[in-house]
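Participant: I need the structure of the sequence given here:
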Amino acid sequence: MMKSLDINTMKGLANKAEILDLMSDEWVEVAEGIFDDENFSKQNNSKITKAVENWIQLEQRIALKISEEFGEKISFNKSEDERIERGIKELTENSRLLSEFNFSNMSSSLNTSLDLQSRRLFCNVELTLPPIPKSESNDTELQLNFVKEQLDVCKQNDKAAFTKIEPNLYLIIKRKREQTNLTGRLIDFGQLLEESLGSEISSVQISYQVDLGIITTKSKIFVSEYEEYIRNFYKNIIRCLESYL
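Facilitator: Okay, the predicted model is just below:
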């Protein structure tokens, strides 16, 4: 069941996170430990749990900030306890943390993944593709050009902000009857289009991928940087494309 947070509850949770200094010493130790030793996350101990709790608090803080700035109602599919349980499982088994932000007026969710082994952040949202008439033989090209055209509109809305994130924007193309996806950078769109010709596309994800590096181990810097990446992706991509999400 989807859990929607009212603004007062979210403020209380965010204030609680600030009192806890957001990312704790345990978070820093876990972030450093997983990067140095791939088996570190297999130790399901109190430090792992604390790191996950920090992540959930940060999740709620970001939801509050986006809600306050843009008037967007955000919800989570799972309760806080369920998200903590999932977080411990993901961190222990895959050395990563996941979030899913649901928006009241969109069918697509913003899914984020932080891989503490590679120190890379992934922000993904799925674009709804328009139906293509059966008479069209080049439907793949039409669909991908539609995606590119919508992103060009986003760029026109705020060229400076879009240009800043554009080198880290990827398209993930899911193909019917294919076990692997095609993935390529937006700035290499022509090459990606050529590679996809002849495929039957089921969906396209827009992915914002960033190498955070050592920032993951810097408590307050990590919080401010992570929040800014999520905000920029939401503001410059998701809000611009909300009619197609």
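Participant: what about the longest strand in this protein?
Facilitator: strand 201-211 (DSSP state E).
Participant: pairing partners for that one, with directions?
Facilitator: strand 120-127 (antiparallel), strand 169-175 (antiparallel) (DSSP bridges).
Participant: by contact count, what packs against whichever helix or strand Glu100 is part of?
Facilitator: Glu100 belongs to strand 96-103 when assigned by DSSP states H and E. Identification of packing neighbours for strand 96-103 by 3 or more Cβ pairs under 8 Å, 6 or more residues apart in numbering; DSSP states H and E yields helix 46-70, strand 74-76, helix 80-94, strand 109-115. Yep, even glycine has a C-beta here, placed from its N, CA and C like the rest.
Participant: between these, which one is closest to Gln143.
Facilitator: Ranking those by proximity to Gln143 (Cβ to Cβ) places strand 109-115 first, at 21.1 Å.
Participant: partner strands of that closest one, parallel or antiparallel?
Facilitator: strand 96-103 (antiparallel), strand 120-127 (antiparallel).
Participant: in CSV: those strands, plus distance to Tyr244 and mean pLDDT.
Facilitator: What follows is the strands paired with strand 109-115, written out as CSV (distance: least, Cβ to Cβ, whole Å; pLDDT from 0 to 100):
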stretch, distance to Tyr244, mean pLDDT
strand 96-103, 13, 96
strand 120-127, 5, 96
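Participant: for Pro131, helix, strand, or coil?
Facilitator: What DSSP: H, G, I helix; E, B strand; the rest coil gives for Pro131 is coil.
Participant: contact partners for it?
Facilitator: If you count contacts by Cβ atoms under 8 Å, 6 or more residues apart in numbering, Pro131 has none.
Participant: next one, pLDDT for it please.
Facilitator: According to the prediction, Pro131 has pLDDT 74.
Participant: using the three-state scheme, assign the closest residue in space to Pro167 that isn't next to it in sequence.
Facilitator: For Pro167, ignoring the flanking residues on the chain, the nearest one in space by Cβ to Cβ, 6 or more residues apart in numbering is Ile187 at 6.4 Å. Here Ile187 is recorded as helix under three-state DSSP.
Participant: and the strands paired with strand 109-115 as CSV, adding distance to Ile206 and mean neighbour count?
Facilitator: Converted to CSV, these look like this (distance: least, Cβ to Cβ, whole Å; neighbours: other Cβ atoms under 10 Å):
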stretch, distance to Ile206, mean neighbour count
strand 96-103, 15, 20
strand 120-127, 6, 20
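Participant: the ones you listed: which one's closest to Glu141?
Facilitator: When the strands paired with strand 109-115 are compared by Cβ to Cβ, strand 120-127 sits nearest Glu141, at 15.9 Å.
Participant: Arg231 is nearest to which of the strands paired with strand 201-211?
Facilitator: Taking Cβ to Cβ, strand 120-127 is the member of these nearest to Arg231, at 10.6 Å.
Participant: quick check: next helix or strand after the closest one?
Facilitator: Defined by DSSP H and E, the subsequent element after strand 120-127 is helix 139-157.
Participant: show residues contacting that next one.
Facilitator: Helix 139-157 is contacted from outside by 127, 129-130, 132, 136, 162-163, 166, 169, 171, 173, 186, 189, 192-193, 196-201, 204, 206, 236-237, 240-241, 244, using Cβ under 8 Å, 6+ apart.
Participant: could I have the buried ones of those as ChimeraX selection syntax?
Facilitator: Buried subset of the contacts of helix 139-157, written as a ChimeraX selection, criterion 16 or more other Cβ atoms under 10 Å:
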select :127,129,132,162,166,169,171,173,186,189,192,193,196,199,201,204,206,236,237,240,241,244
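Participant: dump the strands paired with strand 109-115 into TSV; add distance to Ile66 as well.
Facilitator: As requested, these are arranged in TSV below (distance: least, Cβ to Cβ, whole Å):
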stretch	distance to Ile66
strand 96-103	8
strand 120-127	13
